[in-house]
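Visitor: Generate a structure from the sequence data that follows.
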Amino acid sequence: MTDVFKIVNWFRAVSNAQMRQYDADELSQLKVMKLLYYVQGTFLAIHGEKAFPDDILAWRYGPAVKAVHDKYAGQVSIVGQLSAADLADYHTVQDDENLEQVLAAVWQAFGDMSAIQLMKKTHEERPWLETKQSQVISPALMATYFAQEIVL
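Guide: From the prediction side, this is the model:
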């Protein structure tokens, strides 16, 4: 299991590179929350354990990680200059082959979708639909759902 912010920084680094290369949309707090949900669900389905220890919550705008929300509160975009520590996080995650493969697959599948598209997609999926608002989405429910429906 790794720290959720190392995964966020991996997405920030990849997003920054893609923005420069393809003039893509900036990575937003809302979008990264949905990507984290897909990472956690996919990792649970494939490896039977969480990718990061934080709970995924069923918030109004879709799955969310409270610590990430708290860190980026008031910010829409979470891209920009990456510090040396942020880049070190990126490289640390790259060294975990299982995690890096899941992150790359999630980015490949969902990275070009907007935050709103991802929000709408998650609102149609059982883990969010079957969890009361503001409650923890069960890792067991995510694992089952992702194994049946999503695994990339």
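Visitor: Distance of Val65 relative to Val106?
Guide: 14 Å (CB to CB, to the nearest Å). Glycine gets a C-beta too; all of them are placed from N, C-alpha and C.
Visitor: do the same with His91
Guide: Counting by CB to CB, the gap from His91 to Val106 is 19 Å.
Visitor: Same check on Asp95?
Guide: Counting by CB to CB, the gap from Asp95 to Val106 is 18 Å.
Visitor: out of the two, which sits in the busier spot?
Guide: Under the criterion of other CB atoms under 10 Å, the comparison of Asp95 against Val106 puts Val106 first, with 25 against 8.
Visitor: Next up, the contacts around that one.
Guide: Applying CB atoms under 8 Å, 6 or more residues apart in numbering, we find Val106 in contact with 35, 38-39, 42, 152.
Visitor: Among the residues you listed, name the ones in strands.
Guide: Judged by DSSP state E, these include no members of strands.
Visitor: Find the nearest non-adjacent residue to His123, please.
Guide: Gly62 (6.1 Å; CB to CB, 6 or more residues apart in numbering).
Visitor: and that neighbour, what are its bridge partners?
Guide: Counting by DSSP bridges, Gly62 forms beta bridges with Trp59.
Visitor: related to what we said a few turns ago, list the ones among the contacts of Val106 that fall in helices.
Guide: Among the contacts of Val106, the ones falling in helices (DSSP state H) are 35, 38-39, 42.
Visitor: Which of those residues sits closest to Asp86?
Guide: Leu35 (16.3 Å; CB to CB).
Visitor: how close does the closest one sit to Gly111?
Guide: 8 Å.
Visitor: So for the two, which sits in the more crowded spot?
Guide: Legend: neighbour count by other CB under 10 Å for Leu35 and Gly111, higher for Leu35 (26 against 19).
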